[in-house]
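J.: Quick one, what's the 3D model for this:
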Amino acid sequence: PFNEGYEAFQRREVDRLGVMVHRVVAEVDRGEPLIVREVPIEQGVPIEVYEERLHSVEWEIIVQATRKVLDEVRPLPPEGIDLA
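T.: Have a look, this model is predicted:
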């Protein structure tokens with residue numbers, strides 16, 4: 001949960017926080033990372049401000065990761081053929 005990371009940062013146990021979107025595999029949280037992004041935070045920032053930043057980054061990277069996976073599986077047209 002995001003509050004554990006926030007609290008560890010405030011106790012200076014970690015020096016940065018981030019989020020990740022990864023491939024889904026049988027083992028929880030063991031899939032290949034697709035997008036990894038640091039979330040800006042400073043000492044003393046209220047948890048509500050950090051939560052807003054965190055969700056903003058999450059919303060960005062879920063779209064980026066989805067696009068990345070879809071680009072991998074979408075067949076490309078043969079060279080010279082315009083599908084538009």
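J.: Show the residue spans covered by the strands in the protein.
T.: When secondary structure is read from DSSP state E, the chain shows strands at 17-22, 33-39.
J.: ok, the longest one: who's next to it in the sheet?
T.: Okay, so that is strand 33-39. Note on strand 33-39: by DSSP bridges, its sheet partners are strand 17-22 (antiparallel).
J.: buried stuff in the strand it pairs with?
T.: Judged by neighbour count using 16 or more other C-beta atoms under 10 Å, the buried positions of strand 17-22 are 17, 19, 21. C-beta coordinates here come from the backbone N, C-alpha and C atoms, glycine included.
J.: looking at the sheet around the second one, what are its partners?
T.: Okay, so that is Val19. Arg37.
J.: picking up where we left off before, can you add distance to Pro46 and pLDDT and give the buried residues of strand 17-22 back as TSV?
T.: Below are those laid out as TSV (distance: C-beta to C-beta, whole Å; pLDDT from 0 to 100):
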residue	distance to Pro46	pLDDT
Leu17	15	94
Val19	19	93
Val21	26	93
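J.: helices and strands around the longest helix along the chain, which ones?
T.: Longest helix of the chain, by residue count under DSSP state H: helix 47-73. The contact analysis (3 or more C-beta pairs under 8 Å, 6 or more residues apart in numbering; DSSP states H and E) places helix 47-73 against helix 2-10, strand 17-22, strand 33-39.
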